[in-house]
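Novice: A predicted structure for the sequence below; I have some questions about it.
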Amino acid sequence: MPTKDTKKNLPPDSAPKPSLAQAVSLHLDGKFPEALAEINAAMEAGDQSQQIVAAKAQVEFEIGQYEDASKTYAKLLSMNPRYANANLNMAVCLERLGRWQEAVDFFEKAVQAEPDRVDARLGLGISLLHLDKSQAAAENFDRILSRDPNHATARFGRAVTYQLQRRYADAVPLYQALLASQHHAEECLVNLVNIGLVSKDYLMLADCSEKLLTLRPNSQTALDGLAACAFSSGDYAAAQRYAEKLAEYTPDNFDRWFNLGVACHKTGDLAGAVKAYQQATRLKPDAKMAYVNLGVVYLESGDLEKTRAAWEQALHVDPNQWDVQYQLAGVLDKLGVPDEAERIYVALLAHNPDHQDAWFRLGYMRLQRGDWHGAVEAFQACVQKREHWAEAQLNLGIAAWNNRELETATKAFEAVLGMNPKSLDALRGLASLAVEQSDFEHALEYQGRLIDSGERSAELFYNTGLLLQKSGKVDDAERLYREALNERSDFPEALLNLGHVLKDQGKQDEARDYWRLALEQKPEWAESYFGS
């Protein structure tokens, strides 16, 4: 009597041999891995027929072992280059593996064998799209659509070719028609959002982004679209919310941290902006605009040292950011390092001699440190470009006056007065220049205009009185000296000269009273007085 396990008691040479028939039986039962094992065993036992190789390729393909299947199909095609469906299945394997050019080669062979085979042309079109060969892809999609105008995948592929060719007016209606028929809904919405971002069609962008978010609540593409809409409409609070989600989803994405920095800055969340820009610079250390914007945030926060550090880093990345150079020079000046600031202005102007604001800042710094010649040079560069620049003309007048270029100073002050006849600074300058040059007539004119303009200073009244006294107009001089003393009662020069005017008018007693007051203020005048 045989035992229950009859198979185990059979002699080795009488056990059932692996066979294609057994593999087929297993395949019919849906036991694909077992079928593949049976096929492999049959091949190891010596069965190398086309049928067994084809079966192995087919099962590997069906269970998604595309790398193994591609090798098996290659073996099958070497045995029989015209084996039915082998080129097509080989192409599909390569497509799934992302080996697009190889996939194209095999899809083309399948199309040559059957020119109107839809799946072959579809696969060829898709693979060509991945190779950025949109026109060749379009020809295949058009071939399918000529026979079946409603083929959804071919229509989607054709829309993609239009999109790649930037023919958005052709792509959008195709995507929208597919959406209406509920084909490729998510893919269509993604592509419509991308078109909306590029074309800045914010109405379509908002609509498609919201629909996409309904289908996929965490869709980053939808959030990108909604963030762009929020930025466009100036709703920076919403932009910040979307940007925060995007940065949370992709913490290693530079662009999203940068955009979050912009949104936070716009909402006034300076701490949030600093954090976002800092993260952006960690992810991309050569991102000059992240450093530039970080510096702007620090500047608004009042931290000049950190502003300086951020902008210096931006310039380390790209030294040719001349606007940043200009802003940094201003910060350095405020930080009390004018030498460094001036060096930057000089370098900037060597690159761009037409930068008028830089010439002005350079001139002002030179004026402050008493470099009159350098200040004249800088302010002359300003007014050569912009003759009617009142502030530059005024500073040119001051610098030229101190540099003893009196004619240049006079012309500059007169230019200011031509732009603004009530300019007190220009009138003061012209009056002082006239006095220096003993042009008493013009000095009196300018000082009179100052007084008429409402200028009320002891010095002005005194200087005008002095001019009137020298011109022999003692009564007018008396009045102006008294005005000076009304403004400043302890003005010794005004007291002394008022006494002289009163003496000339025959008012000796009153004159002595004012001289006594003058001597109380300036006792050292006593010696020269008695010795005169």
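Specialist: Received it, and whenever you're ready, just let me know what you need.

Novice: for residue 412, phi and psi?
Specialist: phi -70, psi -50 (degrees, to the nearest 10).

Novice: can you tell me the centre-most residue of the protein?
Specialist: Nearest residue to the geometric centre of the chain (Cα atoms, centre = their mean): residue 289, 5.4 Å.

Novice: that one sits in which helix or strand?
Specialist: helix 288-301 (DSSP states H and E).

Novice: please save the CA atoms from stretch 165-173 in PDB.
Specialist: Taking Å, rounded to 0.1, in the frame of the first residue of the first chain, the C-alpha atoms of stretch 165-173 are listed here in PDB:
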ATOM      1  CA  GLN A 165       4.000  75.100 -26.800                       C
ATOM      2  CA  ARG A 166       2.500  78.000 -24.700                       C
ATOM      3  CA  ARG A 167      -0.600  77.900 -26.800                       C
ATOM      4  CA  TYR A 168      -2.800  78.400 -23.700                       C
ATOM      5  CA  ALA A 169      -5.800  79.600 -25.600                       C
ATOM      6  CA  ASP A 170      -5.900  76.200 -27.300                       C
ATOM      7  CA  ALA A 171      -5.000  74.100 -24.200                       C
ATOM      8  CA  VAL A 172      -7.500  75.700 -21.800                       C
ATOM      9  CA  PRO A 173     -10.700  74.700 -23.700                       C
END
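
Novice: what's that stretch in contact with?
Specialist: When contacts are defined by Cβ atoms under 8 Å, 6 or more residues apart in numbering, stretch 165-173 is touched by residues 134, 135, 159, 160, 162, 163, 191, 192, 195, 198, 199, 204. Every residue, glycine included, has its C-beta placed from N, CA and C.

Novice: what does stretch 490-498 give?
Specialist: By Cβ under 8 Å, 6+ apart, stretch 490-498 touches 458, 461-462, 465-466, 469, 477-478, 481-482, 484-485, 488, 514-515, 517-518, 521-522, 525.

Novice: go with 7 Å
Specialist: Residues from elsewhere that reach stretch 490-498, judged by Cβ atoms under 7 Å, 6 or more residues apart in numbering: 458, 462, 465-466, 469, 478, 481-482, 484-485, 514-515, 517-518, 521-522.

Novice: and for stretch 501-513?
Specialist: 469, 474, 477, 478, 481, 499, 514.

Novice: give me the buried subset of these.
Specialist: Among the contacts of stretch 501-513, the ones that count as buried by 16 or more other Cβ atoms under 10 Å are 469, 474, 477, 478, 481, 499, 514.

Novice: which segments of the chain make up each domain?
Specialist: According to automatic domain parsing, the chain comprises the domains 165-233, 456-532.

Novice: now those in CSV, with mean pLDDT and distance to residue 281?
Specialist: Below are the domains of the chain laid out as CSV (pLDDT from 0 to 100; distance: least, Cβ to Cβ, whole Å):
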stretch, mean pLDDT, distance to residue 281
domain 165-233, 96, 21
domain 456-532, 81, 54
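
Novice: format those as TSV; extra columns: distance to residue 306.
Specialist: Below are those laid out as TSV (distance: least, Cβ to Cβ, whole Å):
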stretch	distance to residue 306
domain 165-233	26
domain 456-532	43
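
Novice: rewinding a little: neighbour-wise, give me the winner out of the contacts of stretch 490-498.
Specialist: residue 481 (30 neighbours; other Cβ atoms under 10 Å).

Novice: quick one: residue 236 and residue 265 touch, right?
Specialist: No - taking contacts as Cβ atoms under 7 Å, residue 236 lies outside contact range of residue 265: 8.6 Å.

Novice: of those two, which one has the most company?
Specialist: residue 265 (22 against 19).

Novice: spatially nearest residue to the more buried one (excluding sequence neighbours)?
Specialist: The spatial neighbour of residue 265 that comes closest, neighbours along the chain excluded (Cβ to Cβ, 6 or more residues apart in numbering), is residue 273 at 4.2 Å.

Novice: I'd assumed residue 264 was in contact with that neighbour.
Specialist: Yes - counting by Cβ under 7 Å, residue 273 touches residue 264, with 3.9 Å between them.

Novice: tell me, what's the model's pLDDT at residue 431?
Specialist: The confidence metric pLDDT takes the value 79 at residue 431.

Novice: contact partners for it?
Specialist: Neighbouring residues of residue 431 by Cβ under 7 Å, 6+ apart: 443, 446, 447, 450.

Novice: so it: helix, strand or coil?
Specialist: In three-state terms, and counting by DSSP: H, G, I helix; E, B strand; the rest coil, residue 431 is helix.

Novice: so what's it closest to, chain neighbours aside?
Specialist: Nearest one to residue 431, counting by Cβ to Cβ, 6+ apart, is residue 446 at 3.7 Å.
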